[in-house]
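Participant: Predicted model and sequence follow; I will ask about them next.
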Amino acid sequence: MGSKKIKEYCKSRGWWFDDTTKDYENALLGLNIDLDTDFAKFYLHVEDGPTFYSRKREIYQICWFIINSDYTLDIKRTHEALHLPKEYIPLDSFEGGYGFYYNRNTHEVLNIELGKSITEFYEGRITPQWKGFNTFIEWFFELEN
């Protein structure tokens, strides 16, 4: 994992696990996620149940959701109902009409909501707010400097 801050924070909360499981690795590979990415390293080593809560929002523990829920329905909704490109996968349930989306190709994270911001995204006037997954997680857990 590229961020010592994230690893130290997660260890201090008892969420960090040194070993990974084949089930979680296979879950990510099934989504065409490279296991050497920061995204994969986070989800392979960090867990606090099915979700993480911070900033009054929840994000999925993606591996848990792939294995224990119908995560493919979330992906389908993302691509069909919201018309987001195929490389985007949901990090949350889009509750309240907004959500976080990870781009599997660029590793960026997008925060988007129904209405003006989704229209601006379609028009190319909004781009992902976080240029890397670690930057997003540091923001989400309020670890930025």
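Facilitator: Perfect, I can see it now. Numbering: from 1, shown residues only.
Participant: Show the contacting residues for the spatially most central residue of the chain.
Facilitator: Most central in the chain under Cα atoms, centre = their mean is residue 91, positioned 3.9 Å from the mean C-alpha point. Residues near residue 91 by Cβ atoms under 8 Å, 6 or more residues apart in numbering: 59-60, 62, 99-102, 109. For glycine as for every other residue, the C-beta is placed from the backbone atoms N, C-alpha and C.
Participant: Identify, from the residues you listed, the entry nearest to residue 70.
Facilitator: Residue 70 lies nearest to residue 60 out of the contacts of residue 91, by Cβ to Cβ, at 12.4 Å.
Participant: okay, now residue 19: neighbour count?
Facilitator: By the criterion of other Cβ atoms under 10 Å, residue 19 has 6 neighbours.
Participant: Repeat that for the one 4 residues further on.
Facilitator: Neighbour count for residue 23, taken as other Cβ under 10 Å: 11.
Participant: so who does the closest residue in space to it that isn't next to it in sequence touch?
Facilitator: Counting by Cβ to Cβ, 6 or more residues apart in numbering, residue 23 lies nearest to residue 67, which is 6.0 Å off, once chain neighbours are set aside. Residue 67 makes contacts with 23-24, 27, as judged by Cβ under 8 Å, 6+ apart.
Participant: Where does residue 67 fall, secondary structure wise?
Facilitator: helix 62-68 (DSSP states H and E).
Participant: circling back: of the contacts of residue 91, buried ones?
Facilitator: 59-60, 62, 99-102, 109 (16 or more other Cβ atoms under 10 Å).
Participant: Verify the stated contact: residue 27 with residue 68.
Facilitator: No. If you go by Cβ atoms under 8 Å, residue 27 and residue 68 don't touch, sitting 9.9 Å apart.
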